[in-house]
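Undergrad: here you go, sequence then predicted model.
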Amino acid sequence: MKDFHKGRAMDATLDSDLPTHQKLLLVIYIRHADKDGRCWPGGMRLAKQASASLKSVKRHRAKLIEAGILSVSRSNNGQSYRAQIHPDRIQTGVTESPGSQSHRGQRVPTTGVAESPPPGSESPLNIHSEYHTIEIHTPPPKPPKGDKPDKVKICFDKLSQMRADHRGSRAQPLKLTKNRRRQLAGRLREYSEEEILLAWEWWHTSTSELAITLRQSWDIDTFLRPSKHDRYQIEAQKEAHRDEAPAERPAYMPLTEEEQEKIRQDWLDAKAEKARQDEEESWRRENELRALLGKPPHPRLQVLEGAKA
């Protein structure tokens, strides 16, 4: 076949309305074609390159032959065949623009919607063709990050300054490492900044044996450790409450005669009530014993109100 051009045939195939499997099979035929558009790939080779079964290849090849895009001629003995590609019979969905000088010129779909805008016009946001739509989306700008205070950094700086104040020039400056940031962030989720600073103050100033041992042998990494920090909080709170100044007590004033008499009378009433309860308990136990012995209960003496003993 004269004027066969692989590039034009490939473009016509890709722009065609052929089903996917037929299009792929035709592309393979074009790849194997010589300058005249003839090729003779074997069925197994076609099946392998198309990732299909031999039966599927034969079925789609028959469709191409039926459409006139492919013609097959066999040898005299019928053992081999030769395929001829007819790219002019491929129905494409696009046509070349009138001013095109090349097969790769601008194409206009048969629907009349241009793939690219005419010169001088604005580029549309959507590029439509008969086969696909490409939408160009501009991502929204990311909102600026707010200037949120770094609570962990602020608290760590206070801890570091407190440590330097207590240890003086011998204290090595502390660095906020990743591990310390993680540990302090965890403690800030469990306690307030004030509670953490209070426990750190207890660590450096308490005269308890535990605090003295801690500040002599350990440092902030031990203080922030979750398995130990709860105890430091408890000890710091206990000491803080113990050191609170007691409330002012009123000056001592002697009791009046009426107050003294009321206290004496309350004491006498309590004493009499205690005697009554003891007598009642003794009577109850005595009667329980008499019941066990089969004797009648002992009569209980009732003291009349206002009567003197």
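TA: Received the coordinates, thanks. Numbers count the residues shown, from 1 in each chain.

Undergrad: can you classify residue 82 as helix, strand or coil?
TA: strand (DSSP: H, G, I helix; E, B strand; the rest coil).

Undergrad: grab the nearest non-local neighbour of residue 35.
TA: In space, and not counting its chain neighbours, residue 35 is closest to residue 4: 6.5 Å by CB to CB, 6 or more residues apart in numbering. For glycine as for every other residue, the C-beta is placed from the backbone atoms N, C-alpha and C.

Undergrad: how close does that neighbour get to residue 67?
TA: Relative to residue 67, residue 4 is positioned 18 Å away (CB to CB, to the nearest Å).

Undergrad: who has more neighbours out of these two?
TA: The neighbour count for residue 4 versus residue 67, taken as other CB atoms under 10 Å, is higher for residue 4 (19 against 15).

Undergrad: that one: what's it in contact with?
TA: 33, 35-37, 85, 87 (CB atoms under 8 Å, 6 or more residues apart in numbering).

Undergrad: tell me which element it is part of?
TA: Residue 4 belongs to no helix or strand when assigned by DSSP states H and E.

Undergrad: which helix is the longest one in the chain?
TA: If you go by DSSP state H, the chain has its longest helix at helix 257-292.

Undergrad: quick one: the strands in the protein, in order.
TA: 38-39, 70-74, 81-85, 94-96, 107-109, 126-128, 133-135 (DSSP state E).

Undergrad: centre of the chain to the shortest one, how far?
TA: Going back to what we said before, that points to strand 38-39. Centroid separation for strand 38-39 versus its chain: 59 Å, with CA atoms, centre = their mean, to the nearest Å.

Undergrad: next one: the second one
TA: Between the centre of strand 70-74 and the centre of its chain there are 62 Å (CA atoms, centre = their mean).

Undergrad: buried residues in it?
TA: residue 70 (16 or more other CB atoms under 10 Å).

Undergrad: direction included, what does that strand pair against?
TA: According to DSSP bridges, strand 70-74 forms sheet pairs with strand 81-85 (antiparallel).

Undergrad: got the buried residues for the strand it pairs with?
TA: Across strand 81-85, burial judged by 16+ other CB under 10 Å covers 83-85.

Undergrad: stretch 272-292 too?
TA: Burial within stretch 272-292, assessed by neighbour count using 16+ other CB under 10 Å, is assigned to residue 287.

Undergrad: with just CA atoms, put that stretch into CSV.
TA: Provided in CSV are the C-alpha atoms of stretch 272-292 (Å, rounded to 0.1, in the frame of the first residue of the first chain):
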residue,chain,number,x,y,z
ALA,A,272,-26.8,10.8,133.6
GLU,A,273,-27.5,9.6,130.1
LYS,A,274,-24.4,7.3,130.3
ALA,A,275,-25.6,5.9,133.7
ARG,A,276,-29.0,5.2,132.3
GLN,A,277,-27.6,3.4,129.3
ASP,A,278,-25.3,1.3,131.5
GLU,A,279,-28.2,0.3,133.8
GLU,A,280,-30.4,-0.6,130.9
GLU,A,281,-27.7,-2.8,129.4
SER,A,282,-27.1,-4.5,132.8
TRP,A,283,-30.8,-5.3,133.2
ARG,A,284,-31.0,-6.7,129.6
ARG,A,285,-28.1,-9.0,130.2
GLU,A,286,-29.4,-10.2,133.6
ASN,A,287,-32.8,-11.1,132.1
GLU,A,288,-31.1,-13.0,129.2
LEU,A,289,-29.2,-15.0,131.8
ARG,A,290,-32.4,-15.6,133.8
ALA,A,291,-34.2,-16.8,130.6
LEU,A,292,-31.4,-19.4,130.0
